[in-house]
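A.B. asks: Generate a structure from the sequence data that follows.
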Amino acid sequence: MGKYDKVFEDLTRLLEIEPDSTIALRYRAEINYMMKRYNESIADLKELLRIKPNNVWAKKVYESVEGFQLLQLT
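C.D. replies: Predicted structure coming up:
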């Protein structure tokens with residue numbers, strides 16, 4: 001099991017219990033990014049923004065991750 005796998009599993013379990021946990025979504029988005037799972041990171045950020053549309057951190061990171069992903073395609 002990798003460095004972030006256990007935490008990822010715990011956050012996923014928490015989201016099964018509390019699907020609107022913005023804290024769990026934030027940290028799972030970060031872990032997905034660190035594990036180079038950019039689509040999953042973007043999905044968590046989108047869900048976080050659905051719950052809290054004015055979350056400045058999520059907006060900024062979403063734009064960064066989406067931009068980074070576009071750079072990877074070129």
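A.B. asks: Glu63 versus Lys46, what's the distance?
C.D. replies: 12 Å (CB to CB, to the nearest Å). Using the backbone N, CA and C atoms, a C-beta is placed for each residue, glycine as well.
A.B. asks: Based on its surroundings, how many neighbours for Ala58?
C.D. replies: Look at Ala58: counted by other CB atoms under 10 Å, it has 23 neighbours.
A.B. asks: Which of Lys46 and Glu63 has more residues huddled nearby?
C.D. replies: Between Lys46 and Glu63, counting by other CB under 10 Å, Lys46 is the more crowded of the two (15 against 11).
A.B. asks: can you pull the pLDDT of that one?
C.D. replies: For Lys46, the pLDDT comes out at 95.
A.B. asks: which regions of this protein sit below the pLDDT cut-off?
C.D. replies: Counting by pLDDT under 70, the ranges of the chain that qualify are 1, 68-74.
A.B. asks: Skipping its backbone neighbours, what lies nearest the most centrally placed residue in it in space?
C.D. replies: The geometric centre of the chain, computed from its C-alpha atoms, lies nearest to Ala29 (CA atoms, centre = their mean), at 1.6 Å. Once flanking residues are discounted, Ala29 sits nearest to Asp44: 3.8 Å by CB to CB, 6 or more residues apart in numbering.
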